[in-house]
Structure formats: structure tokens, C-alpha cells
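*Asks:* what's the 3D shape of this:
(3 chains, ligands or ions: 2)
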Amino acid sequence: MTLTGQTSTRKLLYWGSHYLMIAAFVIFALFPLYWLLKVSVTPNDILYTEGVRLWPSRTSWENYAFVLTQSNFPHYFLNSVIVSGTTALVTTLIAALTGYAFSRFAFRGKVIIVALMLITQMFPLVMLIAPIFKILAPLGLTDSLTGLIIVYTAFNVPFATFLMQSFFDGIPKDLEEAAMIDGNTRFEAFRAIILPLTLPGVAATLGFVFTAAWSELLFALMLVSSESASTFPVGLLSFVSKFSVDFGQMMAAGVLALVPACLFFLLIQRYLVQGLTAGAVKG
Amino acid sequence: MASIQIENARKSYGAVDVLHGIDLNISDGEFIVLVGPSGCGKSTLLRMIAGLEDITSGAISIAGTVVNELQPKDRDIAMVFQSYALYPHMSVAENMSYALALRKTAKEKISDAISGVAEILGLTALLDRRPKALSGGQRQRVAMGRAIVRKPQAFLFDEPLSNLDARLREQMRTEIRKLHRRLGATSVYVTHDQIEAMTMADRIVAMHDGIIQQVGSPVEIYDRPANIFVASFIGSPAMNFLEGSYEIADATTAGIRLSDGALISVLPVADAKPGQAITLGARPEHISIVADAQSGGLPAKVELIEPMGLSTLVHVTLAGKPIKIFTMDRPDYPVDSFIHIAFDMAKIHVFDTASEKRLPPANAAGILT
Amino acid sequence: MNTGTQTGKLPVERRGGFSRKFSGIIEPYLYVSPALVLIIAVMLMPLILGLSYAFRDIRILNPFSGGFVGTAHFEALISDQAFLDALANTAWWTFGSLLFQFGLGLVLALLLNRQFLGRRLVQALVFLPWAVPTFLSGLNWAWMFNPVVGPLPHWMTSLGLMAEPFNILSDPDLAMWGPIIANIWFGIPFFAITLLAALQSIPKELYEAASIDGATTRQQFISITLPFLAPTIAITLMLRTIWIANFADLIVVMTNGGPADSTQIVASYIFTQAFRRLDFGYASAIAAVLLVLLLAYALSVIALRRAMTHTDS
Ligand SMILES: Nc1ncnc2c1ncn2[C@@H]1O[C@H](COP(=O)(O)OP(=O)(O)OP(=O)(O)O)[C@@H](O)[C@H]1O
Ligand SMILES: [Mg+2]
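*Replies:* Ligands and ions are numbered 1, 2, ... in the order given. Predicted coordinates:
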């Protein structure tokens, strides 16, 4: 066999297995979602009789029609978008500031603050519901989207901070020093030079926080009692009545709930993976 | 352009003192080179001038104004980093115009300034590129350009050439010197490369362990090093040192008696008493190889012959100490053979072993110093 | 000498001196203060309040409860077999999930770190599970494991892994696999995204240099990729361990701790105590123990890392 022949078969093998593995991941990721979709378009009367078929003999969109027109879901979606979007933005902003301070400054009390953030991650959130309710109620922040946003932001800040810090650690500090000599204050340098370079990290953090807030159920259920401030996971529960679960409608709502989340991911996807810092330093 | 005064500047990180009271006056338009071994505090001093580090005590002033309390952005200085620190998300032109844009300079003025500087540095064709699409040398030029367009009061350089290969470094060295002559800007240049220090500086500041050892022109530093540290740090190949005790022969000659009993003649020095412990310093080019003992030579054993192109370096041992000798000849002594070497009496440096300070010659050389 | 001017005493502005030092000292606190205020108000204070319940008798439906009981809850806990079993299950659940999430996430990140046709699409698709609400994905997986309406048992039977289709969620020996698989499915994107972002920041020149030096792909992975990823790996693994140990949602939805408590982890046991038995005092005591255990884990990981980095240098 010739040398080029050898390398090209190796290449073929390499890319073959590469695509095979990618395909495996895609199938693993998508199959449950496919099943969600399948259940949502299966008419109720054949839901169980054709339970294990890959695609039902008849399909119907009535579950979707019901969710979109007869239920409160559009409203829940809107609430969820507001809560998750705001939480993602606010959390990422706060986490960027804190992560930057952790990455760049040595200051008194830093270890204590880091420890504090870690410890808050170790206590089951379930046990915080009652105390948080006690604190928020007098402020009029229960049963409101603002209250949810505050709580979600607090929950997500510690992790988002550590994540942002790890991204800032990867950016040479010469860069903001150069900017400070060029005429920026430190904060301006952070905003104009460092933050744009951590866009992949910012996007990843936004994505994590958004999805965490998007799917949170416990606090949404416990802190909010009115329909008008309910988020979409709480709405999903409304399909679970005392006697039965309306799976078709629930899955339809679930599939619809994927749409904003997907749009959000597509939006940040562009920034997620880019070697932005290339060329900053050295020869 | 401006002068820079540093007065009793100290820096400590917690309990660690890094700079112990630095005094330095840099006059308008001067090119100062800070040299010293790694960790001696050169970068720290430079960063204190820039305002990137707080000054623990003392004062730094630029153009007559104390700047201790000014932020870097208010000091009107430019700095070239060892890592270049180019903004990766900006084009070359944007990198260079960033500071001017922050100062709200008019657009036309900025583009004039940039095209002028780009011309000087040969960057005109690269203005639209991002740093990642540049070679190391080109990035270095952009870093220079970014500093130059601002027309600052002073330039600070922190080992700007250390990432370049030898040839490019040599070329940039002359270019920076030319630029300096053209712009006449006050410059402080940090390096641990003593060739850069010798070739570029108006004055060299030699530092060691956070203390200035000597300030002087390159020739002054080379010919009259203030102490053993400066003598050994400046010059390549490095100065040879031998220890012995001081002896006085007559009014015009003194000698250093080595441990093996050999005597090396030196000019008498003012502040030494007979029997005082002395360290003798001789640069490789001030030792010559002579025919035999009759012509005043001392026997030395050949260890290695090192051809260096233009010249040859002969490694020998004398009184158990290694000695390097610089010669323009092409010697071919066999290893382990004995040759005779002679020291150029007028060029030998005498240091007090205890204080490590140089003891200047008493008479004739008194005029020299 | 070309510097003739001997400067006298320079006038130092005392006022300004104070301000620069002062602003230098307070600057970091300005950056961290929003986070700090929020965390203290919304997490630390409730956490302390919650911990205090561990020493009180708090049962929601019992009007006589509320008194101080000292360490009675903790004494009861030592002999609570269900709790001890839940501890063992927690370890199994946490490390079983984490190992696969991390391993597969790393493989996925490495696959995506290569340029190939359709990469962006694939990237968007494989990250989707992360966006599905936990509650819904739990239900969906439970649905798929059910032989009446789900395909998985039938597939496993055809593959010879099962004699006949049955629901693993109702088999005490296998039930834990159900939530673990759902958790792996849900958690891979997290590691993939984080590691991918870290991979992207490795300077390409390093690989070029290494391949010129003749390093094989595996050697490059060990000598360049892993060391560069190490900080990200260390921090995310530790945080995720803590997070998963506390993550009861999938278990509550899919098995509710059953059958026969075989999938009961500490976090779901707390949930059961608090919301089914309405015994908040006892639930808080369990939560306090979990907190101490996780703290011990985190401290030992940090100590281990410190020891390792010290021997390195
Ligand atoms: N943040 C800090 N905390 C404690 N010590 C520090 C800090 N920064 C620098 N140092 C110490 O200060 C001393 C001087 O450092 P500096 O960077 O000025 O050295 P340098 O002369 O520039 O060396 P090099 O030639 O290697 O760049 C070093 O011993 C260093 O360890
Ligand atoms: Mg330095």
C-alpha cells in the first residue's frame, strides 16, 4: 500500500468514527425529545394501544390547539420568558462583576466570600422555601415575578460567578493594564476590553442560568399562588389532576416550551465557541 | 516630553520589601535603561511610574507634578508590554487609535496620526488586520505604534524585545534608538539583556535586590563599575575575579597577593591598607597571553579553547580559580598545558572584598574618575 | 553628568494620597457587593433560619409544635436506617451520574472542538436536553421506561438484556438506573459546553508545536489538553458533585424514592420528610447533616488539590 493510501484510509477511519460518535450523541440527545413529540401528536384514544409504536397510525394537533387557545399557557410562557430572561441577564451581570473581582484582586475577606458562596450550594433548596417565604412576604415579593427573579438570581449567582471567574482567569491582565494606560479607568477597561473577550463565557453563563430558571418548579410553585404570576413549569402541573394526567396536552405544552429555549440557545450559540483571545500576547 | 523624578520610592507587598528607597532623576528626552537580574524589581519600578502599582512610600513626579495619586490614565505615559497586550478583538488601526479615541481626538486627526506612525513602522498594509493574523515581529511593531501615536510625556518599555529572535531583536534595537532620536521622548526601558542596555541607553541604571547599584553612561558603567555586582553583571563574557590581599611596593605600584603566593601588580588605590582583603577584577580583554614568566606572566592551566568567530575565548585556571581570556589570535594550546598570562595593570579593578565597593586608583586614575 | 537638576523635597499631595489608596482598597468590594448583598439576604439568612429548625420541633399540622428540642433530631437520625440507606444511595446516585455526565461530556466537547460539516447544527441539537424542564424530562423518561407506553424495555428485550419487557423503575435492584440515565441525558450538555469553552481557549500554537515535536494525538491530549482543562474540570466537578447530591427533582418525579426506598437519596428523603410527613424540624436536621458532609467533601477536595499543586512546584 502506498503512503498516501495509508493516510487516506486512516483519515477515512478517523472521520468515520468521528461522525459515528457524533450521530450516537445526537440520537441519545434527541430520542427522548422525539418521544415527547410523538406522544403530543398521538390522539388520546390510541395513546396506550399504540404506546410503543415509533409513530402513531393517526396524528392530531388538537393537543397543541388546546394548549395554545384554550389554556393559560401563552400567558405562562410569557411569564417564564420574562423571569428566565431577566434572571439570566441580571445573574450574568452580577456574576461577571464578582468573578472579575475574584480573578483580579486580592482583598480581605475574599476567602470568606468564596466559602460563603460554596456553602450556599450545599443546603437543599427545599429547606429554604419556608424561610425565604418568611423574608419575602413582608416585602410584598411573594406571588410576584420580581420575587421569583430575585430568588433565582440569588440561587444562580454563586455558580455563575465561579464560571465567569474561570473565564476571566484565562485573559491576560496585561490587557486591562494596557487599556488603563491608554486612558480607561479599571472599570471602563473591564467593560470595553475584558468583557468582549469573555463573550463565549458570558454566553455559556447566560445559557445555564436561563435554562435553570426556565425549568425551576419548586419555588415557582411555593412562592406564587396566582395564575397571573405562574410560570410555565407550574402550568405543566395543571395537567396533573387528582385522578389522571393528561399526557398528550402536557407533552404538547412541553414541546412548545422547548421553542423559546431553543431560540435562546441559537441566539447565544454564535458566541459560545470562538477563540476570541487569539493574538493578544506574544509572537 | 517631560522629566521624571523618583524620590526615595519604596514598594512592599505586605511584609516583603521589593524596592528599598529608589532615587533617580531622569531628564527630559533621556533614554534610561533599567538592568538587573530577574526579580530585582525593574518591572515593579516601571509599573510604579506607570501607575499600575501603588507607591508604598516616597514620591514619583512627571514634568514636575507628583503623580503618586494619579490613575495611569491621567499620567500621560505610554507603555509597551513584554507580552505586547494587543487588544485581540480590534484591528491594528483600532488598537493604535484606542487611546486617541478615548481622548476624544477628532477623527481626521486620528487617521492622520495613525497613517503617519504606520508609515514609520511599516504597518501601513496591516492596518485592517487583527493581531492574530500578525507575526511576532509585526505584533511588536503594533505595540510600539500604539505607544507612539499618543505622543505621550514618556515611554515605558518592559522587555519589549524579549520575545523576538536574535536577528529581529538587533534590528528593533536600532529602530527604537532611531525613533527615540526622532521623537526625543523621555524613555524608561527595562531589560535584563546587557547588550540592549549598552547599545541603547543614554544612562544605565543597574539594580540589584531592589536597590540601585549604579547610574551612569554605558561607558562609565563598563569602565568604572561601582561594585562587584555591577562589574559582574555588565559585560559579556563576564569579568574575572580573583581574591587576595593588598600589598604596597612603592609610590607607583601596588600588588595583590593571591592565595597561591603569586603577585599581580595594580595601581595603588587610595583607601586600602596593606594586608586588606581585596577582590581583583579583570575583564577578559584586559588579560593577555605572554611568552613566559620573564615577561611578567603567571602560569595558568588551559581548560578550554572557545572560538567565537571574531575572537577566541581561552579558559584557564589561575590559583585554582577559572579565568577567561579574550584574544583576537587563533590559539591552539592543548588542554591541560600551561601558558603564561599577564594582567593590564592600568585596567585592573580593585574591590574591597568586605564592602564589595570599587577602590579607585590613587593618582593618575584620580584624574580619570 | 547630564542630569544636573537636584530636586528638593517634592510636594506630596496628602489629600489625593488618601483617595487613591482608599479607592484601591474599596474597589474590589464594589464589584462583589451586589452578589454579596443578594446572597446574604436571600440565601444565608434563610439558611441560618433553616438550620435553626433542626433544633426545634416543627411539624406543620401540629399546633403544639415549635418548641426547642435540642439535639433530639440528630439523635434520632443516627438510628434511622432509612437515612443511612439514603446516604449510601446518595453516593451511588451522585458518582454514578457524575462519572457518565463528565466522561461523555468531555468526549462530546472533544468531538465538537473539531471543525466538521454540520457542526453548528449538531452543537445546537445536543445541547437541547439541558433546556428541557427537569420535571418534564423526568416524566418523559419514566414514560419511556414503562413497557406499556415506552420503547426502551422492548429494545432491551430484543438486545437480550431483558428476558421480557418490564419496568426497571419498579425493580428495587435496577430502579436507580432510571433517574441516573435521565440525569446523564440532562447533564452531558453542561460539561460539554463548559469544557468546550475551555478547549477553545487553548492556544492553537501549542498543538502545532507539539505535533512538530512528534507528539501523537494521545500524547498531545495528555500533555496539553488535560493540563489546560484541569482548572475548569476541578471546579466544575466539585460544584456539580454538590449540586447533584442535592438534586432530588428527577428522583421525586420518576420513582418518588421507591420501590422500597431503593432510590431514596438524602435530598429526596428530606423532601419526603418535609412535604409528605410535614416534619420540617427533622427534615432540617437531615439537611444540616448533608451540609456538613458536603462541606467535608469540598474541604478534602480543596486540601487534596493544594497538596498536589504543592508537590508539583
Ligand atoms: N504581587 C506581588 N506580591 C509579592 N511579591 C511580588 C509581587 N509582584 C512582584 N513581587 C516580587 O517583587 C520582586 C520584583 O519583581 P519584578 O517583577 O519587579 O522583577 P523584575 O526585575 O521585573 O524581574 P524580571 O526580569 O524577571 O521581569 C520579585 O521578587 C517578585 O517576587
Ligand atoms: Mg519584569
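*Asks:* and residue 53, what element?
*Replies:* The chain I'm using is chain A. Using DSSP states H and E, A:Arg53 sits within no helix or strand.
*Asks:* that's the wrong chain, I wanted chain B
*Replies:* Applying DSSP H and E, one finds B:Glu53 in no helix or strand.
*Asks:* Just give me the neighbour total for the residue nearest to A:Tyr19 when sequence neighbours are not counted.
*Replies:* Using C-beta to C-beta, 6 or more residues apart in numbering or on different chains and skipping the chain neighbours, the partner closest in space to A:Tyr19 is C:Phe116 (7.6 Å). (Glycine included, C-beta is placed from N, CA and C.) By the criterion of other C-beta atoms under 10 Å in any protein chain shown, C:Phe116 has 12 neighbours.
*Asks:* isn't there a helix covering B:Ala9?
*Replies:* No: per DSSP: H, G, I helix; E, B strand; the rest coil, B:Ala9 lies outside any helix segment and is strand.
*Asks:* Surely it touches B:Gly58?
*Replies:* Yes: shown here, B:Ala9 and B:Gly58 form a contact pair, counting by C-beta atoms under 8 Å, at 3.7 Å.
*Asks:* what do those two both touch?
*Replies:* Residues touching both B:Ala9 and B:Gly58 by C-beta atoms under 8 Å, 6 or more residues apart in numbering or on different chains: B:21-22.
*Asks:* in chain C, which residue is closest to the centre?
*Replies:* The centroid of chain C falls nearest to C:Arg240 when counting by C-alpha atoms, centre = their mean (1.7 Å).
*Asks:* quick one: pLDDT of A:Met1?
*Replies:* pLDDT, A:Met1: 47.
*Asks:* Likewise for A:Ser241?
*Replies:* In this prediction, A:Ser241 carries a pLDDT score of 63.
*Asks:* hmm, back to that, pick out whichever of B:Ala9 and B:Gly58 has more residues nearby.
*Replies:* Neighbour tally, B:Ala9 and B:Gly58, criterion other C-beta under 10 Å: the higher count belongs to B:Ala9, 23 against 19.
*Asks:* Briefly note if stretch A:216-223 comes near chain C.
*Replies:* Yes: using C-beta under 8 Å from any C-beta of the partner chain, stretch A:216-223 comes into contact with chain C via A:217-218.
*Asks:* do you know how far C:Ser262 is from C:Asp171?
*Replies:* For C:Ser262, the distance to C:Asp171 equals 8 Å [C-beta to C-beta, to the nearest Å].
*Asks:* Of these two, which one has the most company?
*Replies:* Set C:Ser262 next to C:Asp171 and count neighbours by other C-beta under 10 Å: C:Ser262 wins out with 18 against 14.
*Asks:* residue contacts, the more buried one?
*Replies:* C:Ser262 touches C:89, C:172-173, C:175-176, counting by C-beta under 8 Å, 6+ apart.
*Asks:* Go through these and name the one nearest ligand 1.
*Replies:* For the contacts of C:Ser262, the residue nearest ligand 1 by C-beta to the nearest ligand atom is C:Asn89; the value is 47.3 Å.
*Asks:* Following element in sequence after the helix or strand containing the closest one, please.
*Replies:* Assigned by DSSP H and E, C:Asn89 belongs to helix C:81-112. Counting by DSSP H and E, the next helix or strand C-terminal to helix C:81-112 is helix C:119-126.
*Asks:* got the CA positions of that following helix in PDB?
*Replies:* The C-alpha trace of helix C:119-126 is given here as PDB (Å, rounded to 0.1, in the frame of the first residue of the first chain):
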ATOM      1  CA  ARG C 119     -21.100  21.300  13.400                       C
ATOM      2  CA  ARG C 120     -23.200  24.200  14.400                       C
ATOM      3  CA  LEU C 121     -26.400  22.200  13.900                       C
ATOM      4  CA  VAL C 122     -25.100  19.300  15.900                       C
ATOM      5  CA  GLN C 123     -24.000  21.600  18.600                       C
ATOM      6  CA  ALA C 124     -27.400  23.200  18.900                       C
ATOM      7  CA  LEU C 125     -29.100  19.700  18.900                       C
ATOM      8  CA  VAL C 126     -27.000  18.000  21.500                       C
END
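*Asks:* and residue 47, how many residues sit next to it?
*Replies:* Using chain A here. 16.
*Asks:* please go with chain C instead
*Replies:* Counted with other C-beta under 10 Å, residues neighbouring C:Leu47 total 24.
*Asks:* try B:Ala251
*Replies:* 9.
*Asks:* Please apply the same query to the one 10 residues further on.
*Replies:* Number of residues near B:Gly261 (other C-beta under 10 Å) recorded here: 8.
*Asks:* Surely it is in a strand?
*Replies:* No: secondary structure of B:Gly261, determined by three-state DSSP: coil, with no strand assignment.
*Asks:* Quick check, pLDDT for it.
*Replies:* pLDDT, read off for B:Gly261, is 84.
*Asks:* hmm, the helix-or-strand element of chain C with minimal mean pLDDT in reach of chain A?
*Replies:* Least confident helix or strand of chain C, by mean pLDDT, DSSP states H and E, is helix C:204-212 with a mean of 73. Yes: judged by C-beta under 8 Å from any C-beta, helix C:204-212 comes into contact with chain A through C:Lys204.
*Asks:* What pLDDT is listed against the residue nearest to the centre of chain C?
*Replies:* 89.
*Asks:* just checking, it touches C:Gly105?
*Replies:* No: applying C-beta under 8 Å as the test, C:Arg240 and C:Gly105 come out as separate, 9.9 Å apart.
*Asks:* Now the common contact residues for those two.
*Replies:* With C-beta under 8 Å, 6+ apart as the test, C:Arg240 and C:Gly105 both reach C:187, C:190-191.
*Asks:* Next, format those residues as JSON lines and append distance to C:Leu139, secondary structure and neighbour count.
*Replies:* Converted to JSON lines, the shared contacts of C:Arg240 and C:Gly105 look like this (distance: C-beta to C-beta, whole Å; DSSP: H, G, I helix; E, B strand; the rest coil; neighbours: other C-beta atoms under 10 Å in any protein chain shown):
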{"residue": "C:Gly187", "distance to C:Leu139": "17", "secondary structure": "helix", "neighbour count": "23"}
{"residue": "C:Phe190", "distance to C:Leu139": "21", "secondary structure": "helix", "neighbour count": "22"}
{"residue": "C:Phe191", "distance to C:Leu139": "24", "secondary structure": "helix", "neighbour count": "25"}
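*Asks:* Out of those residues, flag the one nearest to ligand 1.
*Replies:* The closest of those to ligand 1 turns out to be C:Phe191 (C-beta to the nearest ligand atom; 33.9 Å).
*Asks:* Can you check what angle separates the helix or strand hosting C:Leu294 from helix C:81-112?
*Replies:* Per DSSP H and E: C:Leu294 is located in helix C:280-312. With axes from the mean of the first three to the mean of the last three C-alpha atoms, to 10 degrees applied, the angle from helix C:280-312 to helix C:81-112 works out at 50 degrees.
*Asks:* What is the burial count for A:Ile112?
*Replies:* Using other C-beta under 10 Å, A:Ile112 has 9 neighbouring residues.
*Asks:* need the contact list for it.
*Replies:* A:Ile112 makes no contacts at all, as judged by C-beta under 8 Å, 6+ apart.
*Asks:* what about it, which helix or strand?
*Replies:* A:Ile112 belongs to helix A:110-120, assigned by DSSP H and E.
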